[in-house]
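Visitor: no sequence for this one, just the structure:
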């Protein structure tokens, strides 16, 4: 990030950008040419997906099982969407049959789901959702903020049309940019759109002209952040994606096994858990805030608490990027076990 | 930027942010408590001003004399504004009487002008515009991308209600953030707004809850960029604002004087020129693109060309931030003079 800054139309910048795009395609699991980076954080990625693909009156089917599907709902509402929500308790996921029934009943134009729900630790790969959506002629938006770079997303194999993410989770980069990828179907949709998106800053048509061959000035890209993302992706390429995914899986599983030994359960059912973000249940009678304060004060370890309906009920503990290591898992298990006991818990 | 990253809700981050806000107030020339930084580039600042203060049907009076007033117009259009444009040739500015007549005739709810027009080098301080706007009960938005940190803006003295900027111009910071300040009048306007802004990412009400005392999670701020901005502002504080403004003025004036000696004129009339961005006229018969290519190839100096109606007619040459120095002015005059001669120009 402290390399000399070049202009936002400098050939070197576009070279850096091309490298980023190539590596991002691998992380997303896509051949989409239309893969790029937005000059904002993960939430800007979400807003970009909504403002480009949701117009006033667009029927949106929302799989609503956590904090970030609520945020998607709110953004779609602000864009004038007609929204149908399939509500489930936070931490649960959807079966293919459930998804198909919902989509068939609602006949939406756009379907949105969260692939990696940061608020619950639940993983929704999305194959079933995408197939049902495409059968209904709908476009699929997927939030991949907490999965990109830490576990396979398989955008093309799943059939996700628009996937966005952030840089500061499993990509292991500072926050500040939002990778996004769009399928050829999404691109057609965009080309056929009559009214321009309300957002000019996140207008994908204008951004295409900037980042693609025309290099037409749009905004001044945050060059230093692009350098940082390029380096993060180079580190990922050095490790190898398969090795990286395997590392995340192994450390997540070791952490869950260790928690089980301690007697601590998990919110999310086996097979539906993120490898990057773990949500152990707070044992009965334990004050979770005190546990978190202890870890911070005594060990400098920051873990998060539950949001919304999960406040006080789960911890949210990241094992992602550089932080996903056997040493960290061991340290987490030791210190968390200690802190729980210090807070009066008897397994 | 390579300092360790803390969480987006870490007390240290909010401490850094408070320092930034304090220094930004001085640069803007305002006592506005509502002074903050947006997680996007200068154009995100522009979009934030529009999405928060322009609703469908809002009557907007636009002072249209350059590229960035056209961008403001386009953003306002996308938000459903009814727009009245006061067109002037690029490079010109507006007298107080002209501003008053326009505003009195149009009776707008929002008035927008560009304080520092990056495409033309023209400076519109805005006192007259603001007074006429307030007399008409309208709110005033000002684009200060190329003035903040390089010349006085005097937000409070002028009566500007919403001013935004970017970090990579006269603040001397990498691109990536957009400072913004809102007057108490603007804040009242916001509080009385019934519908939420279309943009969630740039919703100032939500951002207030994040950056102000409540510290309610909104998005993950780009921490490293905040570190960079804090350091840029610390450098400005060390130099002193008055000394910094005087340096920008002196180097701009020396550059213009040197150009006159060469026989090169300026697009903008004296007294209406930015100190940060100079627009010498391309001498008759000279191919401006060749001149720019020569400077880049032979000296590694990048200057910009004209946009829109000024393409081929002006150079755009920055003397801002660290780049505003007597040495740079001397070097620019020497190399530009050489390049013009090499392109066949005889003064």
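Guide: Perfect, thanks for sending it. Predicted model, so just to flag it, every value in this text is computed and none were measured.
Visitor: only C-alpha atoms for contact and neighbour calcs from this point on.
Guide: Noted.
Visitor: Tell me the residues of the stretch 101-250 of chain A that contact chain B?
Guide: Residues of the stretch 101-250 of chain A lying close to chain B by CA under 8 Å from any CA of the partner chain are A:174-176, A:196-201, A:219-225.
Visitor: filter the residues you listed to the buried ones?
Guide: A:174-176, A:197-201, A:219-225 (16 or more other CA atoms under 10 Å in any protein chain shown).
Visitor: which stretches of the stretch 151-300 of chain A form helices?
Guide: All helices of the stretch 151-300 of chain A, identified by DSSP state H, counting those that start in this stretch, fall at A:155-158, A:184-192, A:204-211, A:223-239, A:241-262, A:288-299.
Visitor: Turn the ones you listed into JSON lines, columns for mean pLDDT.
Guide: JSON lines is the format used below for these (pLDDT from 0 to 100):
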{"stretch": "helix A:155-158", "mean pLDDT": "98"}
{"stretch": "helix A:184-192", "mean pLDDT": "95"}
{"stretch": "helix A:204-211", "mean pLDDT": "91"}
{"stretch": "helix A:223-239", "mean pLDDT": "97"}
{"stretch": "helix A:241-262", "mean pLDDT": "98"}
{"stretch": "helix A:288-299", "mean pLDDT": "96"}
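Visitor: now these as JSON lines including distance to residue B:61?
Guide: Shown next, in JSON lines, are those (distance: least, CA to CA, whole Å):
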{"stretch": "helix A:155-158", "distance to residue B:61": "45"}
{"stretch": "helix A:184-192", "distance to residue B:61": "31"}
{"stretch": "helix A:204-211", "distance to residue B:61": "25"}
{"stretch": "helix A:223-239", "distance to residue B:61": "34"}
{"stretch": "helix A:241-262", "distance to residue B:61": "53"}
{"stretch": "helix A:288-299", "distance to residue B:61": "52"}
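Visitor: Would you mind saying which of the ones you listed lies nearest residue B:7?
Guide: Closest to residue B:7 of these is helix A:288-299 (CA to CA; 12.3 Å).
Visitor: which residues are in contact with that closest one?
Guide: For helix A:288-299, contacts defined as CA atoms under 8 Å, 6 or more residues apart in numbering or on different chains pick out A:282, A:301-305, A:312-315, A:335-336, A:339-340, A:343.
Visitor: and those, which of them are in helices?
Guide: When DSSP state H defines the helices, the subset of the contacts of helix A:288-299 inside them is A:335-336, A:339-340.
Visitor: So which of the buried ones among the residues of the stretch 101-250 of chain A next to chain B are in strands?
Guide: In strands, defined here by DSSP state E, there are no members of those.
Visitor: Grab the nearest non-local neighbour of residue A:315.
Guide: residue A:305 (4.8 Å; CA to CA, 6 or more residues apart in numbering or on different chains).
Visitor: dump the residue contacts of the one you found.
Guide: Going by CA under 8 Å, 6+ apart, residue A:305 touches A:288-289, A:292, A:311-312, A:314-316.
Visitor: Kindly report the same for residue A:56.
Guide: A:79-82.
Visitor: Can you pull the phi/psi pair for the residue nearest in space to the middle of chain A?
Guide: Centroid-nearest residue in chain A: residue A:145, 1.6 Å away (criterion: CA atoms, centre = their mean). The phi/psi pair for residue A:145 (degrees, to the nearest 10) reads phi -60, psi -40.
Visitor: May I ask you to confirm that it is in contact with residue A:116?
Guide: Yes. The pair residue A:145 and residue A:116 passes the contact test of CA atoms under 8 Å, sitting 6.7 Å apart.
Visitor: between those two, what contacts are shared?
Guide: With CA under 8 Å, 6+ apart as the test, residue A:145 and residue A:116 reach no residue in common.
Visitor: Next one, pLDDT for residue A:217 please.
Guide: With respect to pLDDT, residue A:217 has a value of 88.
Visitor: out of everything not next to it in sequence, what's closest to it?
Guide: residue A:210 (5.7 Å).
Visitor: Torsion angles phi and psi at the one residue in the stretch 201-347 of chain A that gets nearest to chain B?
Guide: Closest to chain B within the stretch 201-347 of chain A is residue A:222: 4.5 Å, counting by CA to the nearest CA. Dihedral angles phi and psi of residue A:222 (degrees, to the nearest 10) take the values phi -70, psi 90.
Visitor: Just among the contacts of helix A:288-299, which is most surrounded?
Guide: Counting neighbours by other CA atoms under 10 Å in any protein chain shown, residue A:315 leads those with 27 neighbours.
Visitor: ok, now which ones touch that one?
Guide: A:278-282, A:288, A:303-306.
Visitor: If you compare the directions of the lowest-mean-pLDDT helix or strand in chain A and helix A:184-192, what angle comes out?
Guide: Every helix and strand of chain A was ranked by mean pLDDT, DSSP states H and E. The lowest is helix A:204-211, at a mean of 91. Angle of helix A:204-211 versus helix A:184-192, following axes from the mean of the first three to the mean of the last three CA atoms, to 10 degrees, is 100 degrees.
Visitor: Just give me how far helix A:204-211 sits from the chain centre.
Guide: Taking CA atoms, centre = their mean, to the nearest Å, one finds helix A:204-211 lying 23 Å from the centre of the chain it belongs to.
Visitor: before we move on, what about stretch A:320-329?
Guide: Averaged C-alpha coordinates place stretch A:320-329 at 19 Å from its chain's average position (CA atoms, centre = their mean).
Visitor: what's the first-to-last distance across it?
Guide: 11 Å (CA to CA, to the nearest Å).
Visitor: Could you do stretch A:302-310 as well?
Guide: Start-to-end span of stretch A:302-310 (CA to CA) is 18 Å.
Visitor: That stretch - what's its average pLDDT?
Guide: On average, the pLDDT along stretch A:302-310 is 95.
Visitor: The stretch 1-150 of chain A: strands as residue ranges?
Guide: Using DSSP state E, counting those that start in this stretch, the strands of the stretch 1-150 of chain A run over residues A:35-38, A:59-64, A:82-87, A:110-114, A:116-117, A:122-123, A:139-143.
Visitor: Let's have those strands in a markdown table, adding mean pLDDT and mean neighbour count.
Guide: Listed next are the strands of the stretch 1-150 of chain A as a markdown table, based on pLDDT from 0 to 100; neighbours: other CA atoms under 10 Å in any protein chain shown:
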| stretch | mean pLDDT | mean neighbour count |
| --- | --- | --- |
| strand A:35-38 | 97 | 24 |
| strand A:59-64 | 98 | 24 |
| strand A:82-87 | 98 | 17 |
| strand A:110-114 | 98 | 27 |
| strand A:116-117 | 98 | 28 |
| strand A:122-123 | 98 | 27 |
| strand A:139-143 | 98 | 27 |
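Visitor: nearest to residue A:329, of those strands?
Guide: strand A:122-123 (19.5 Å).
Visitor: Give the other helices and strands that that closest one contacts.
Guide: strand A:116-117 (3 or more CA pairs under 8 Å, 6 or more residues apart in numbering or on different chains; DSSP states H and E).
Visitor: swap the cut-off to 10 Å and go again
Guide: Strand A:122-123 is packed against strand A:116-117, strand A:277-278, with contacts defined by 3 or more CA pairs under 10 Å, 6 or more residues apart in numbering or on different chains; DSSP states H and E.
Visitor: need the ones you listed in TSV with distance to residue A:234, can you?
Guide: As requested, these are exported to TSV (distance: least, CA to CA, whole Å):
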stretch	distance to residue A:234
strand A:116-117	23
strand A:277-278	23
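Visitor: Quickly note the distance from residue A:2 to residue B:318.
Guide: From residue A:2 to residue B:318 the distance is 22 Å (CA to CA).
Visitor: before we move on, the earlier item: mind picking the two most distant members of the residues of the stretch 101-250 of chain A next to chain B?
Guide: A:174 and A:196 (31.4 Å).
Visitor: can you list the domains in chain A?
Guide: Domain assignment for chain A by automatic domain parsing gives A:11-238, A:241-342.
Visitor: Can you say which of these is packed in most?
Guide: domain A:11-238 (a mean of 21; mean count of other CA atoms under 10 Å in any protein chain shown).
Visitor: from the middle of its chain, how far away would that one be?
Guide: 9 Å.
Visitor: end-to-end on that domain?
Guide: Per CA to CA, the first residue of domain A:11-238 is 25 Å away from its last.
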